[in-house]
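In: how would this look folded up:
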Amino acid sequence: MNFSVGCYADIIGCHPYSDELSEVHINVNQRRNVLGSNPAVEQPLGCRAVLIAHDLGTTGNKASLHDDNGQLVAAVTEPYVTTYGRGGMVEQNPLDWWRAVCVATRKLLAASNVAPEHIRGISFSGQMMGVVLVDRQGDPVRPAIIWADTRSGSQCQRLLDSIGAQDGYRVLGHRLNPTYSLSKLMWVKDNEPDVFQRARRLCLAKDFVVSNLTGVIVTDPSDASSTNAFDQRTGRWSDELISAADLPRDLFPEIAPATTVVGRVTDRAAEETGLAVGTPVVLGGGDGPMAAVGAGVIDESDGAYVYLGSSSWVSVSANAPMHDLPYMRTMTFNHVVPGHFVPTATMQAGGGSLAWIADLLSGTEEPDRFDRLVRSAHSVDASAEDLFFLPHLLGERSPYWNPRAKAAFVGLSRHHGPAHLTRAVLEGVAFNLATCIDAFRSNGVSIDSLDAIGGGAASDVWLQILADVWGCVVRRRTVVEEANSLGAAVTAGVGVGAFSDFTVARSLSDVSAVFNPDQDRHEAYRVQHQRFCDAYNRLEPWFDHSVVEPPQHEAQPPTAPTTDGSLAGMP
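Out: Okay, the predicted model is just below:
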């Protein structure tokens, strides 16, 4: 197929090649290591084979350039817009992703003085669980429906009625839920039939960009496992789920390992990105498993990590899926490391809750608004003053799996100000993730420490709150915001033969700071965590106005989600 990126920009009114570019950050210390103590006799970086990685996140593309040892040399973030609407609509323009990749690649090449022909390979980490539908030419037929969109509740309920919650969970490693691709596809078919008729293939975020670089549409097991249409037992698309969704089988792309060189940069893509024609393109994978690689979590021996991004999660590596039955609080993705899996508990709005409160309270776009608010929160109390925040701005996945859940401040008093509200948000995310950690522990996973990555991991205040709430050591890694793209760089290196396997990731990021829990504060937070859970349980009936009596949860702990798999709060 010969894909283009032309007509769609006119449909949604975007400007795919904006000149508003962000600053490239050069890792000066790493650059000195590359050049050596005597640059005159060392090979300059511009003449060495290097790797480029892109992380297509929710707020922007975090791109990074790595030397031939995998060390981070330079990084740049290119933002793009997310559109939020009523009824749970959350969409993005796929051409914004492509523009961000083109711009970031050119900036990395220019800032690091690397000739395009010295790029040994390029790969991707991408947001998961979304829907990009493309036509015969590879052009999107509508905006991308991203992971946070929850409009497909009725479609998901049809799947639950047909398949059954626990049977579906055993096949997929995930709950059937409207945050996944399958019910979103059904929603498009039901609500936009003319658009759906033009669609010929489903893409995930990184798959769309790979198709623009190579003209090939393919996905990998990690992203496939995020669709609700992938049989984790067989490693293939589930005919049973696709049939239950009444969708055409040929809508779903071929599945290949994340390390596959799926193609090479075409003439057109080279012109737009600045890459050399023929540069190998390694498929890559979903951002959750890529974050695990970036945190050095390759197998079971590597422990747990927490990702503090727009969504936030706790995860480990395992040799088999972890089925949290009967509660189904967790899900399991396929790892990008062959033969491994990443059991995960993800909340919808972790760092996203902090971004929301910062935007709401600061009234400015200044980049230091987060730091100022978090610093102010350090000197006040929230839950200790009976103030709680339920961080369900986008509904919720783990642990409740309720797309109708709402965010709420509970316990506001007249003296509470911006610092208290910010503190409540930081604690609310910590409390919700504490319930997720409890789910792992109840399944026999020992978690005594967690390595923190993602943009939120840059905050000392937040990491100390997490350590105190969870009662375990939290460690910041040296690679924080670029952890996902580091995972993609390692995947690129394995794919083109620069690295023998994924274990090299363990040497590319170290522990830079350790936050030990204060036991007195932890004991106080244990009590506050129960009150936080009680607040959710009391408000759950209110989230759905059709529910009069509180739901009964006889077969599970009071802080766990429903066991029958039905969408919480739905008739």
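
In: all contacts plus neighbour counts: C-alpha atoms, from now on.
Out: OK.

In: show me where pLDDT drops low in this structure?
Out: Counting by pLDDT under 70, the low-confidence segments of the chain come to 1-49, 364, 545-571.

In: residues making contact with stretch 514-527?
Out: 463-464, 467-476 (CA atoms under 8 Å, 6 or more residues apart in numbering).

In: quick one: which of these sit in helices?
Out: Among those, the members found in helices (DSSP state H) are 463-464, 467-470.

In: mind listing what G88 touches?
Out: Applying CA under 8 Å, 6+ apart, we find G88 in contact with 148-151, 394.

In: That one and D190: what is the separation?
Out: Distance, G88 to D190, using CA to CA, to the nearest Å: 16 Å.

In: A355 too?
Out: Distance check for A355 against D190: by CA to CA, it reads 33 Å.

In: In terms of neighbours, single out the busier of those two.
Out: Legend: neighbour count by other CA atoms under 10 Å for A355 and D190, higher for A355 (16 against 13).

In: my read is that one is in a helix, agree?
Out: Yes - residue state for A355 (DSSP: H, G, I helix; E, B strand; the rest coil) corresponds to a helix.

In: F370 is in contact with that one, correct?
Out: Yes - counting by CA atoms under 8 Å, A355 touches F370, with 7.4 Å between them.

In: one step back: please pick the buried ones from the contacts of stretch 514-527.
Out: Buried residues within the contacts of stretch 514-527, counting neighbours by 16 or more other CA atoms under 10 Å: 463-464, 467-476.

In: So which of the residues you listed is the closest to A104?
Out: R476 (26.2 Å; CA to CA).

In: Which strand residues bridge that closest one?
Out: A452, A513 (DSSP bridges).

In: residue contacts, it?
Out: Going by CA under 8 Å, 6+ apart, R476 touches 451-453, 457-458, 511-514.

In: Distance check, S225 against A53.
Out: Using CA to CA, one gets 22 Å for the distance from S225 to A53.

In: These two: who's more crowded?
Out: Using other CA under 10 Å as the criterion, S225 and A53 rank with A53 on top: 31 against 27.

In: what about that one, which helix or strand?
Out: A53 is part of strand 50-56 when elements are defined by DSSP states H and E.

In: Report the distance from the next helix-or-strand element following that strand to the chain centre.
Out: Sequence order places strand 60-66 as the next helix or strand after strand 50-56, per DSSP H and E. Relative to the centre of its chain, strand 60-66 is centred 15 Å away, using CA atoms, centre = their mean, to the nearest Å.

In: go on, stretch 499-518?
Out: Distance of stretch 499-518 from the chain centroid (CA atoms, centre = their mean) equals 19 Å.

In: Quick check: end-to-end length of it?
Out: 41 Å.

In: Run the chain-centre distance for whatever helix or strand A524 lives in.
Out: Counting by DSSP H and E, the element that carries A524 is helix 519-543. On the basis of CA atoms, centre = their mean, helix 519-543 sits 26 Å off its chain's mean C-alpha point.

In: same thing with stretch 422-429?
Out: Using CA atoms, centre = their mean, the offset of stretch 422-429 from its chain centre is 20 Å.

In: can you offset everything so residue one is 31?
Out: Sure, I'll start numbering at 31, so the last one becomes stretch 452-459.

In: List the buried residues in it.
Out: Neighbour-count burial for stretch 452-459, with 16+ other CA under 10 Å as criterion, is recorded at 452-459.

In: Could you dump the residues you listed into JSON lines with distance to V336 and secondary structure added?
Out: Converted to JSON lines, the buried residues of stretch 452-459 look like this (distance: CA to CA, whole Å; DSSP: H, G, I helix; E, B strand; the rest coil):
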{"residue": "T452", "distance to V336": "20", "secondary structure": "helix"}
{"residue": "R453", "distance to V336": "19", "secondary structure": "helix"}
{"residue": "A454", "distance to V336": "19", "secondary structure": "helix"}
{"residue": "V455", "distance to V336": "17", "secondary structure": "helix"}
{"residue": "L456", "distance to V336": "14", "secondary structure": "helix"}
{"residue": "E457", "distance to V336": "15", "secondary structure": "helix"}
{"residue": "G458", "distance to V336": "15", "secondary structure": "helix"}
{"residue": "V459", "distance to V336": "12", "secondary structure": "helix"}
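
In: Whatever helix or strand V120 lives in: partners in the sheet, and parallel or antiparallel?
Out: According to DSSP H and E, V120 maps onto strand 119-122. Counting by DSSP bridges, the strands paired with strand 119-122 are strand 113-115 (antiparallel), strand 174-175 (antiparallel).

In: Pull up the pairing partners for the strand holding A83, direction included.
Out: According to DSSP bridges, strand 80-86 has the following sheet partners: strand 90-96 (antiparallel), strand 149-156 (parallel).

In: hmm, who's touching that strand?
Out: Strand 80-86 is contacted from outside by 91-98, 100, 127, 131, 135, 148-157, 235-236, 317, 514-516, 518-519, 522-523, using CA under 8 Å, 6+ apart.

In: Could you verify my assumption that D540 touches V510?
Out: No - when contacts are counted by CA under 8 Å, D540 is not listed as touching V510 (10.3 Å).

In: Compare neighbour counts for those two and give me the winner.
Out: Per other CA under 10 Å, whichever of D540 and V510 has more neighbours is V510, with 23 against 15.

In: from what I can see that one touches L516, true?
Out: No - counting by CA under 8 Å, V510 does not reach L516; the two are 9.6 Å apart.

In: that older thread, so which of the strands paired with strand 119-122 is nearest I285?
Out: Counting by CA to CA, I285 lies closest to strand 174-175 out of these; the figure is 20.4 Å.

In: Same list, the ones in helices among the contacts of stretch 544-557, but as TSV with distance to Q196 please.
Out: Listed next are those as TSV, based on distance: CA to CA, whole Å:
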residue	distance to Q196
L493	35
Q494	37
A497	33
D498	35
V499	31
W500	29
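
In: buried residues in the helix holding A554?
Out: Buried residues in helix 549-573, defined by neighbour count with 16+ other CA under 10 Å: 552, 555-556, 558-559, 561-563, 565-567, 570-573.

In: Just the CA atoms of the host helix or strand of K219, as CSV, please.
Out: Taking DSSP H and E as the criterion, K219 maps to helix 211-221. Extracted in CSV, the C-alpha atoms of helix 211-221 (Å, rounded to 0.1, in the frame of the first residue of the first chain):
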residue,chain,number,x,y,z
SER,A,211,-10.2,-0.6,21.0
LEU,A,212,-12.8,-3.3,20.3
SER,A,213,-15.8,-1.5,21.7
LYS,A,214,-14.6,1.8,20.3
LEU,A,215,-14.6,0.2,16.8
MET,A,216,-18.2,-1.0,17.5
TRP,A,217,-19.1,2.6,18.5
VAL,A,218,-17.8,3.9,15.2
LYS,A,219,-19.7,1.3,13.3
ASP,A,220,-22.9,2.1,15.2
ASN,A,221,-22.7,5.9,15.2
